[in-house]
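In: Sequence first, then the predicted structure:
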Amino acid sequence: MVTRSTSKLINVINEDSDQNSENATECNNINEWNIDDQTEYNIMNTLQHMTMVATTYQTSHECSEETIIDILVAGFSRQLKGWWDNYLTNDEKSKIYSAVKTDLNGKVITNENNKEIPDVVNTLIFTITQHFIGDPSLWKDRSGELLSNLKCRTLADFRWYRDTFLTRVYTREDSQQPFWKEKFLVGLPRSLGDKVRDKIHSQSANGDIPYESLSYGQLISYVQKVALKICQDDKIQRQLAKEKAQTKKDLGSFCEQFGLPACPKQKKKQSFNKEPQENKTIHKKRFLRRRYSHKPSTSKEMETPKPKLKSKITCYNCGKQGHISKYCRLKKNLRNLNCGKQGHICSLKLRRKKHKLHPPYSSMKTST
């Protein structure tokens, strides 16, 4: 690893400066470089800002690129500091410090004095990009998917939609293509987008929207004009409604005095809020009782039998209503009497003998 003395840092940095901000581009400050919890886009912005600071150091103090690397590394914090101190080996750091500019064929580029042109700062930025972002083309491909799904739900979100769309689309090499400009209008609310397209149609010569010749700034100006017109129309409608109500109030009974029909009165909305009565005294409970949910008891003693209502079912044995033949009493009596053929015959004989031995009282009376 190539060692660097700290005396070069003292000559470059002003010790009396107290304005140390993260995004400052002044050459007299050491900037803190922190990329923790940042998206790929924000990391790219941080690296771009790092390049601007390095250019400022080089032009203002004519520092060498090795000295600029020392100044930038001194501001590394958290992930960047751990990456530089622990992850990179001494050989990798030496390659960064000894990097020179080359062409596409790998040939070293020299200046007028046939000396190699150092490329230390760009090599450091490229190394950070490889280790923390990876392939930037994958990030650009994902930005296209994010642009396709970007929507502006309401007019209140237009400023956010504009900033987010321009931030994403300008990272792509095909940002000048017409379909991205058309997508910008498609992402607007339907009512606003239709009015913007109608306005552009009315001002074009052939009735088509020339997306190829329109810039994003011109599309934004069209959107702002249409939105302001909507706001003005809404304001005018409110003012007319207010003046109409005031005119009805000022007329009063003037029309009726000259035999003209009176202006229709506006229906007042009924208020359903009940006013508290003065005579009734309101008693407030001091403590609220808790409500307990009682489970239905399963004991047979607590259950009260419900009276069964007789239905209109007719028994075909006796012809009465309220029961079926299965529960008919007449059928039950017949079953009790049906003790068999022999038993039935015996019972009939016994009845006849008793009848002969003991004739009924009515027959004896007639014989006398």
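Out: That came in fine, so what should we check first? Note that this is a predicted model, so its numbers are computed, not measured.
In: In this structure, where's the longest helix?
Out: Assignment by DSSP state H gives helix 216-251 as the longest helix of the chain.
In: Does that one pack against any helices or strands, and if so which?
Out: Contacts defined by 3 or more Cβ pairs under 8 Å, 6 or more residues apart in numbering; DSSP states H and E place helix 216-251 against helix 158-169, helix 178-186, helix 190-203. Quick note: C-beta positions are derived from backbone N, CA and C, even for glycine.
In: Which pLDDT value goes with residue 276?
Out: pLDDT for residue 276: 53.
In: Next: residue 50.
Out: The model reports residue 50 with a pLDDT of 84.
In: what about it, helix or strand, and which?
Out: Residue 50 is located in helix 40-61, with elements delineated by DSSP states H and E.
In: That helix to helix 158-169, inter-axis angle?
Out: 70 degrees (axes from the mean of the first three to the mean of the last three Cα atoms, to 10 degrees).
In: List the buried residues for helix 40-61?
Out: 40, 43-44, 46-47, 49-50, 53-54, 56-58, 61 (16 or more other Cβ atoms under 10 Å).
In: quick revisit: make a markdown table from the helices and strands packed on helix 216-251 and add mean pLDDT, mean neighbour count and distance to residue 122 to it.
Out: Putting these into a markdown table (pLDDT from 0 to 100; neighbours: other Cβ atoms under 10 Å; distance: least, Cβ to Cβ, whole Å) gives the following:
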| stretch | mean pLDDT | mean neighbour count | distance to residue 122 |
| --- | --- | --- | --- |
| helix 158-169 | 85 | 16 | 24 |
| helix 178-186 | 88 | 17 | 30 |
| helix 190-203 | 84 | 14 | 43 |
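In: can you pull the contacts of residue 51?
Out: 121, 122, 125 (Cβ atoms under 8 Å, 6 or more residues apart in numbering).
In: Just the buried ones out of these, please.
Out: By 16+ other Cβ under 10 Å, the contacts of residue 51 give 121, 125 as buried.
In: from the contacts of residue 51, which ones fall inside helices?
Out: 121, 122, 125.
In: quick one: the last one and residue 44 touch, right?
Out: Right, residue 125. No: contact between residue 125 and residue 44 fails when scored by Cβ atoms under 8 Å: they sit 10.0 Å apart.
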